[in-house]
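**Student:** when you get a sec, could you give me coordinates for this:
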Amino acid sequence: HKVPVGRDQVQHIEMARDVAARFNHLFGQGREFFVLPEAQVDEEVATLPGLDGRKMSKSYDNTIPLFEGGSKRLKEAIARIVTDSRAPGEAKDPDANALATLYRAFADEAQTEAFRSALRDGLGWGEAKTRLFDCIDEQIAPLRARYEALMAQPERIEDALQTGAAKARAVAAPLLETLREAVGLRRFRALAHNTEQPQTRAATAVPSVKQYRETDGSFSFKLMDADGRLLLQGGRYSAPRDAGQRIAALKQGASTVPLADEVLGDDVEPTAVLAALALLAQE
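**Tutor:** Have a look, this model is predicted:
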């Protein structure tokens, strides 16, 4: 449940966490439908500086291109990183510029310390930028080659996306069905589109449950037959979860759950209500 993000994205993880926690509280009844995500931030590279020393962002147009334009464009971008006017041989503060921070994002601890030490010992800015380019390009070059090969074969990307989508749907569909049941929504039904037998759909029409909010803020529902006639008017509930749970109880125990605050529609027999609930339970 840990999600690796930069410091600026923590707020999005917190929003997702709040939504998940709220859903679990309202509809879970002790069950945790959603695992609460937790932001995991690498403080060493939580926010990377851009070419001008500000936070790297497309909005500031100060990003470093890793793939587009190849090594040439990467080297040109690094050459534009803003530094001070200290000459070669003068000691430089590694924390006062973007070079050391960017270097640390691609190097190990020993390499990073060696680079910082060289700056303190007077390494020139030009040589420092060359070392930064070599460090980044060594890591990115194999990935860039893979990127360019894939971009030249968009059909492979499409195939991978379709395969991934199918896998995701297989995992998500059962959970989505469970969530719909938890909030009292009807299940998805496959609609027959048979132009040769137009009467088939009418013959399979089923009752429906409409859940809604009253003007006083309470929640209720209506059980309608296939023709839109009111069969059963639900009671009033303080939360949509309560109305949904009552609907689910009526569906699952149509012949055993007694009517409580529900009211039969005009000229409606209890047997008609039971038959409608039985049909809904079969969906």
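**Student:** leaving out sequence neighbours, find the closest residue to the residue lying farthest from the centre of the chain.
**Tutor:** In the chain, Gly89 marks the outermost C-alpha relative to the chain mean, sitting 50.3 Å out by CA atoms, centre = their mean. In this structure, Gly89 finds its nearest non-sequential neighbour in Gly122, 4.3 Å apart by CB to CB, 6 or more residues apart in numbering. For the C-beta atoms, the positions are set from N, CA and C on the backbone; glycine is no exception.
**Student:** count of neighbours near that neighbour?
**Tutor:** Neighbour count for Gly122, taken as other CB atoms under 10 Å: 13.
**Student:** and it, how far from Ile78?
**Tutor:** Counting by CB to CB, to the nearest Å, the gap from Gly122 to Ile78 is 20 Å.
**Student:** do the same with Ala248
**Tutor:** 61 Å.
**Student:** neighbour count: those two, which is higher?
**Tutor:** Between Ala248 and Ile78, Ile78 has the larger neighbour count (other CB under 10 Å), namely 22 against 17.
**Student:** so what's that one up against?
**Tutor:** Shown in contact with Ile78 (CB atoms under 8 Å, 6 or more residues apart in numbering): Ile64, Lys129, Leu132, Phe133, Ile136.
**Student:** of the residues you listed, closest to Val10?
**Tutor:** Ile64 (22.8 Å; CB to CB).
**Student:** right, and the closest one touches Met56 too?
**Tutor:** Yes - contact criterion CB atoms under 8 Å: Ile64 and Met56 qualify, at 7.2 Å.
**Student:** what residues are shared contacts of these two?
**Tutor:** Common neighbours of Ile64 and Met56 (CB under 8 Å, 6+ apart) are Gly50.
**Student:** got the domain ranges for this protein?
**Tutor:** 48-154, 207-281 (automatic domain parsing).
**Student:** closest to His1 out of those domains?
**Tutor:** domain 207-281 (24.3 Å).
**Student:** isn't there a helix covering Ala166?
**Tutor:** Yes - per DSSP: H, G, I helix; E, B strand; the rest coil, Ala166 lies within a helix segment.
**Student:** three-state assignment of Thr83?
**Tutor:** Quick answer, by three-state DSSP: Thr83 is coil.
**Student:** now swap in the one 4 residues further on and tell me
**Tutor:** Assigned with three-state DSSP, Ala87 falls in the coil class.
**Student:** so what's the backbone phi/psi at it?
**Tutor:** Phi and psi for Ala87, reported as degrees, to the nearest 10, are phi -80, psi 160.
**Student:** so, low pLDDT: which residues of the stretch 51-200 of the chain?
**Tutor:** Low-confidence segments of the stretch 51-200 of the chain (pLDDT under 70): 186-200.
**Student:** 90 - rerun?
**Tutor:** 53, 55, 57-59, 97, 177-178, 180-200 (pLDDT under 90).
**Student:** hmm, Val41 is touching Arg7, no?
**Tutor:** Yes - under the criterion of CB under 8 Å, Val41 makes contact with Arg7 at 5.6 Å.
**Student:** neighbour count winner among the two?
**Tutor:** Between Val41 and Arg7, counted using other CB under 10 Å, the more crowded position is Val41 (17 against 14).
**Student:** how many neighbours does the closest residue to Arg120 other than its chain neighbours have?
**Tutor:** Spatial nearest neighbour of Arg120, excluding adjacent residues (CB to CB, 6+ apart): Ala91 at 5.5 Å. By other CB under 10 Å, 10 other residues sit near Ala91.
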